[in-house]
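[1] how does the following fold in three dimensions:
(chains A, B, C and D)
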Protein chains: 4
Amino acid sequence: MNTENREIKVLDKGFVRLVDSMGDDSSITEAARTSYGKQTKTVRDDTGLIRYLMRMNHTSPFEFVEFKFHIKCPIFVMRQKIRHRTASVNEYSGRYSVMTDDCYIPELDRITSQSTSNNQGSTNDILENASDIQEIMKFQTEESLKEYHGFLDSGLSREIARINLPLSNYTELYWKIDLHNLFHYLKLRMDSHAQYEIRVFAEAIYELIKPIVPIACEAFEDYRINACNFSFKEMDVIRYLLMEKNIPVEDIKAIIQKLDNGLSKREITELISKLGYISG
Amino acid sequence: MNTENREIKVLDKGFVRLVDSMGDDSSITEAARTSYGKQTKTVRDDTGLIRYLMRMNHTSPFEFVEFKFHIKCPIFVMRQKIRHRTASVNEYSGRYSVMTDDCYIPELDRITSQSTSNNQGSTNDILENASDIQEIMKFQTEESLKEYHGFLDSGLSREIARINLPLSNYTELYWKIDLHNLFHYLKLRMDSHAQYEIRVFAEAIYELIKPIVPIACEAFEDYRINACNFSFKEMDVIRYLLMEKNIPVEDIKAIIQKLDNGLSKREITELISKLGYISG
Amino acid sequence: MNTENREIKVLDKGFVRLVDSMGDDSSITEAARTSYGKQTKTVRDDTGLIRYLMRMNHTSPFEFVEFKFHIKCPIFVMRQKIRHRTASVNEYSGRYSVMTDDCYIPELDRITSQSTSNNQGSTNDILENASDIQEIMKFQTEESLKEYHGFLDSGLSREIARINLPLSNYTELYWKIDLHNLFHYLKLRMDSHAQYEIRVFAEAIYELIKPIVPIACEAFEDYRINACNFSFKEMDVIRYLLMEKNIPVEDIKAIIQKLDNGLSKREITELISKLGYISG
Amino acid sequence: MNTENREIKVLDKGFVRLVDSMGDDSSITEAARTSYGKQTKTVRDDTGLIRYLMRMNHTSPFEFVEFKFHIKCPIFVMRQKIRHRTASVNEYSGRYSVMTDDCYIPELDRITSQSTSNNQGSTNDILENASDIQEIMKFQTEESLKEYHGFLDSGLSREIARINLPLSNYTELYWKIDLHNLFHYLKLRMDSHAQYEIRVFAEAIYELIKPIVPIACEAFEDYRINACNFSFKEMDVIRYLLMEKNIPVEDIKAIIQKLDNGLSKREITELISKLGYISG
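    Next up is the predicted model:
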């Protein structure tokens, strides 16, 4: 497949490369139709079936597409990635081999202040002394690498010499994951709350798979990425709002017609029922 | 813990028994606070933190509570249960031991017609010849068992003798699972689309864990069981509806005040933003 | 790859079909070399590296080869297969669709007596009344299917109608698994202690993958299937035996030379050390 | 259980603490007996059954014991630990909270040379300039921490400030794992090829669980830790050796009697058969 072995550069020295893949959109429906037997063969076309599976959280057919990536990323990004236990991983080993001299140095627009509203995030406000900080980071990184090579030259074991390298040091890995688990990963890591340096790797991965499973990706965006989940209490508010304002179901149908945004007949019925109207 | 070793009878001859458990609501917050460090110690009480974790899909702290059940259920229920790959299972073996004579015979109110709206479901309409069907099932089951014991008496190996037993034959298993994965299981199996015979086992399991993790269970009901997910296109409709009707944000706030259903300040802000209002 | 979509018939009405695969022997070494970096590039050829990985239980590179099968097997075989939680599964659903009329009827040479030495096994001794038993099985199976279709004709829901079908009824599934986990599965299910009906499916699977990963399969046979594990206490016996008999290390080396069975230089050193001789 | 909440200090600033556990040796046999049904109730006592399960690789009953640890370890140790995907993990987050000032400084006896025989290892030969290297490490670590706090004082986001911290920086985690998967972990990480700093954490974990599952641990040592695996080709050598030397089976039995090391009757039969003698 000519979409494979495409490589996308990420951050200052990293990349994501799609090494291999198994299956495409049609593999998802093929697996799903095994469960449903002859029932679904004629009723639904591939696009409709994939969207139905995504909407209903019938996730197992999405496990039948598999991707293999070669990734180069800073160790602190790797540490996040490895938390997803459903992938297969082979990582470069600092015990077997000498670590690379590549370290991530943030651009000035990433040397920004701590967010006060989001305990785990950063703002877009570049610090006044951002270029000083960047210089210190470069200097400190170079010092670390100099010491590292000095240690190795003294004969120190690689497994100990590496422990003072910074978390910004780049590592490499092979990473294999199925589409269901990859969507779960992407939902979390493409989110605006994810750290920028992790997000850009997730986005590169998503770019690489889109040409292979375009229908599944569109369903993923509609029903996961851009979906909204309302709790029981929140639904109370929405339903009371519509009742309080005496908004008749016809007005909702009129708005659906006006928007004409591709809701299927079945989805329209589902929506009206979710909003608290007795369907019929 | 005196909630343990409680047993709930399920169907005609089955049961669910909670054999052991590790942790409770406080184990969830204990694990979560390891991630957050000192940041959250004072800000949030246990209930607030558990609800926040559930709402934000920070699922890993829920993995730190573990349950062990002893279950007796028909083989066709077992076949469903085992699909959840995150549990540990030890099942009774028909190769080592003679299978039980217990088989599931449905009550008359389960001898109902095929649903036409739901390809995988049944209705509540009891068939006219329901008691005839029930009699045939009893007879057929008894015949199977008679042949089974006849085969064994002839000296036939257990592993072959059992293959003609019906899927309604009861089996037993030990089943161990953590709370996060159990919630995922319960969400699917307590759903109205799940087969009744599977649902009653899920409900019994839920009854047994509720006294151990009451706060987590309430959050599970509010943010998962009774929550509503709206796709991108559905959100379009809701947002346009509110705009079209010129419903001001004050009216939404008024309804929230009137309902007084326990939405936290943060949740109110989140809701108003999800409904398409610029927060501020 | 022209080895794909090959189908092997199994038992009376079943099959295993290789639908798709990702990777081959070279994918294993490619993943492994990511860990080792430049260290191994020249030292070892592919065959040597794959054998080393298998011998040392460096299993993660084997996860980078993936297979997808379409399988038709009796439900009691499926029940075993599904216990391997590391595979992806989509199974035919008796709630959505009408089950097949195909049921497994054992050949006479499988209608044998219970093993007395092995609690879970059968012997090769065909029972005197084997053909009677086979006739009863056929009759009973036909009766079950007749009742099943009668139930459906009465309008009974599929989810209830199916519960009296025998465990010998055939089902179909899509099954996806990586090579490391498949080897684990095959080691257990190709074993002589596995039930014959399960073993033949495992053997068919193995036939289908061998042309794709021949080097890995040979290593699997040498270091897993045909390997022997000795406990601490058993090793005591072997080591004392060699000492007691005053067998010098030269005699062991002479036997290795005589056998000339392909032990590498490194393996010879390892063996002599495992047998309790101080290497050097 | 008074063995819980025991804490073992590891390295210069780390620890392993057993926070909670579920089950003990008897939970293993309880789960196993569910599979075997009444067959095993009388035949075998608990110790015999646990040893049999371990020897035969019947691993699922070991999954029914669960442990929860609180661990403080350097990030490079954590990176290894997290590769075991079967555990639940909650780690301290450098995005939410300020990282600790604790960093691992190796003792002089760990500032040794690279092994030439083992590409991934170190020797016991302390380098001549070991104390110089240790001083540089201390200095470099202090510089890193000084810069880190300087960055935070400038208002830099925590998620960026941390990226230049060394891999020797300590982190904390909650770690939950079942006994089967823990044994797999311990087999790999207590091995002499594992890096010392990782091994000491594995050893501390093993110390903490031993009082809870003493019988399982003894079986683990006999059949896993101190066992020897011989490939097909190696077995050739051993079998030919015994034949070549005309060692009669009686001599083997005599040695077993002399050693009197607790091999069960069944194990003696198995051993003699593994060594190539026709049993009988």
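[2] show me what from the stretch 101-250 of chain A comes close to chain B.
    In this structure, the stretch 101-250 of chain A approaches chain B at residues A:119, A:188, A:221-223, A:225-238, A:240-242, A:244-245, A:247, judged by CB under 8 Å from any CB of the partner chain. All C-beta atoms are positioned from the backbone trio N, CA, C, and that covers glycine.
[3] again, only using 7 Å
    Residues of the stretch 101-250 of chain A lying near chain B by CB under 7 Å from any CB of the partner chain: A:119, A:221-223, A:226-237, A:240-241, A:244-245, A:247.
[4] buried among these? Need that as a selection in ChimeraX.
    Selection command for ChimeraX covering only the buried members of these, criterion 16 or more other CB atoms under 10 Å in any protein chain shown:
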select /A:119,221,222,223,227,228,230,231,232,233,234,235,236,237,240,241,245,247
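[5] among the residues of the stretch 101-250 of chain A next to chain B, which lie within helices?
    A:Phe232, A:Lys233, A:Glu234, A:Met235, A:Asp236, A:Val237, A:Tyr240, A:Leu241, A:Glu244 (DSSP state H).
[6] chain C next: which of the residues of the stretch 101-250 of chain A next to chain B are close?
    Applying CB under 7 Å from any CB to those, none is adjacent to chain C.
[7] against chain C, how distant is the one residue in the stretch 151-280 of chain A that gets nearest to chain D?
    Here the stretch 151-280 of chain A gets closest to chain D at one residue, A:Ser157, 3.3 Å apart by CB to the nearest CB. For A:Ser157, the distance to chain C equals 14 Å [CB to the nearest CB, to the nearest Å].
[8] list the contacts for that residue?
    D:Thr112, D:Ser113, D:Gln114, D:Ser115, D:Ser122 (CB atoms under 7 Å, 6 or more residues apart in numbering or on different chains).
[9] make a markdown table from those residues and add distance to chain C and secondary structure to it.
    Formatted as a markdown table, the contacts of A:Ser157 follow (distance: CB to the nearest CB, whole Å; DSSP: H, G, I helix; E, B strand; the rest coil):
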| residue | distance to chain C | secondary structure |
| --- | --- | --- |
| D:Thr112 | 19 | strand |
| D:Ser113 | 17 | strand |
| D:Gln114 | 12 | strand |
| D:Ser115 | 13 | coil |
| D:Ser122 | 15 | strand |
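[10] how long is stretch A:32-47 from one end to the other?
    13 Å (CA to CA, to the nearest Å).
[11] quick check, A:Lys9 in a strand?
    Yes. Counting by DSSP: H, G, I helix; E, B strand; the rest coil, A:Lys9 is located in a strand.
[12] next, A:Leu108: phi, psi?
    phi -60, psi -40 (degrees, to the nearest 10).
[13] got a pLDDT number for the residue nearest the centre of chain A?
    The centroid of chain A falls nearest to A:Leu186 when counting by CA atoms, centre = their mean (1.7 Å). Per-residue pLDDT puts A:Leu186 at 96.
[14] for it, pull up the helix or strand it's in.
    Here A:Leu186, judged by DSSP states H and E, is contained in helix A:179-189.
[15] restricting to C-alpha, output that helix in CSV.
    The C-alpha trace of helix A:179-189 is given here as CSV (Å, rounded to 0.1, in the frame of the first residue of the first chain):
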residue,chain,number,x,y,z
LEU,A,179,-7.7,0.4,15.4
HIS,A,180,-10.1,0.1,18.4
ASN,A,181,-7.3,0.7,20.9
LEU,A,182,-5.7,3.3,18.7
PHE,A,183,-8.9,5.3,18.7
HIS,A,184,-9.0,5.2,22.5
TYR,A,185,-5.4,6.4,22.6
LEU,A,186,-6.1,9.2,20.1
LYS,A,187,-9.3,10.4,21.9
LEU,A,188,-7.2,10.9,25.0
ARG,A,189,-3.9,12.2,23.4
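[16] list the buried residues of it.
    Buried, per 16+ other CB under 10 Å, within helix A:179-189: A:Leu179, A:His180, A:Asn181, A:Leu182, A:Phe183, A:His184, A:Tyr185, A:Leu186, A:Leu188, A:Arg189.
[17] wait, the fifth one sits on A:Ala219?
    No. Using CB atoms under 7 Å, A:Phe183 is not in contact with A:Ala219, being 9.6 Å away.
[18] contact partners for A:Val65?
    By CB under 7 Å, 6+ apart, the neighbours of A:Val65 are A:Met22, A:Gly23, A:Asp24, A:Ser27, A:Ile28, A:Asp178, A:Leu179, A:Val213.
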